[in-house]
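Student: the amino acid sequence is not available; the structure is as follows:
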């Protein structure tokens, strides 16, 4: 990974972290990572990871990570519905599914509304699939300032939710 600056207007730059070429895994090539507000992911894209590449040649199996469209990004309600249907149909194909939900510091919101919305969406999605939500989702929090700790922030949001 490498950090670069992208000029969005003359003299105006934003920081971006991107994969440093060459990309060895060919299933990663179509995955787009963008610093811009517009959502790039439109369809579920599988990334196949041979476990032998991580643990050695004695491991023959693969894991599949899927880059999937988000919800409430830059599309319409119709796009969100279509994404939900696509994700549900995709998940039904597998015996074991673990969701990795990414949530950036900014998308948490001032009052935690971002994580509340994400939990509601995932809850509704998993109810339709009859899957235990607590055992199936891992959250990754990104782009937090170095001096901001994630856990106390989540505790505070949870305390507020519980008191309402």
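Tutor: Great, that's in hand. Keep in mind the model is a prediction, meaning the values are calculated, not measured. Numbering: from 1, shown residues only.
Student: going forward, measure contacts and count neighbours with C-alpha atoms only.
Tutor: Will do.
Student: for the helix or strand containing residue 121, enumerate the helices and strands it packs against.
Tutor: Secondary structure assigned from DSSP states H and E places residue 121 in helix 113-129. The contact analysis (3 or more CA pairs under 8 Å, 6 or more residues apart in numbering; DSSP states H and E) places helix 113-129 against helix 77-91, helix 105-108, helix 133-136.
Student: give the other helices and strands that the longest one contacts.
Tutor: Other helices and strands packing on helix 77-91, by 3+ CA pairs under 8 Å, 6+ apart, are helix 113-129.
Student: buried ones in the helix it packs on?
Tutor: Neighbour-count burial for helix 113-129 flags 114-115, 118, 122-123, 125-126 (criterion: 16 or more other CA atoms under 10 Å).
Student: chain center to that helix, what's the gap?
Tutor: Put simply, helix 113-129 sits 13 Å off its chain's centre (CA atoms, centre = their mean, to the nearest Å).
Student: which residues of this protein score low on pLDDT?
Tutor: Scanning the chain for pLDDT under 70 picks out the ranges 71-75, 128-134.
Student: okay, which residue is most central for it?
Tutor: residue 102 (3.5 Å; CA atoms, centre = their mean).
Student: shouldn't that residue be within a strand?
Tutor: Yes: Residue 102: assigned to a strand according to DSSP: H, G, I helix; E, B strand; the rest coil.
Student: tell me the bridge partners for it.
Tutor: With DSSP bridges applied, residue 102 shows beta-bridge pairing to residue 140.
Student: list the contacts for it?
Tutor: Residues in contact with residue 102 (CA atoms under 8 Å, 6 or more residues apart in numbering) are 139-142.
Student: for the buried residues of helix 113-129, work out which two are farthest apart.
Tutor: Spanning the widest gap among these are 114 and 126, at 18.3 Å by CA to CA.
Student: returning to that earlier point: and the residue nearest to the centre of the chain, how far is that from residue 139?
Tutor: As judged by CA to CA, to the nearest Å, residue 102 and residue 139 stand 6 Å apart.
Student: now the helices and strands packed on helix 113-129 in JSON lines, with distance to residue 27?
Tutor: Below are the helices and strands packed on helix 113-129 laid out as JSON lines (distance: least, CA to CA, whole Å):
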{"stretch": "helix 77-91", "distance to residue 27": "17"}
{"stretch": "helix 105-108", "distance to residue 27": "28"}
{"stretch": "helix 133-136", "distance to residue 27": "24"}
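Student: output these in TSV; the columns should cover distance to residue 48 and mean neighbour count.
Tutor: Output for those, formatted as TSV (distance: least, CA to CA, whole Å; neighbours: other CA atoms under 10 Å):
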stretch	distance to residue 48	mean neighbour count
helix 77-91	15	15
helix 105-108	28	16
helix 133-136	19	12
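Student: please consider this matter closed, and thank you.
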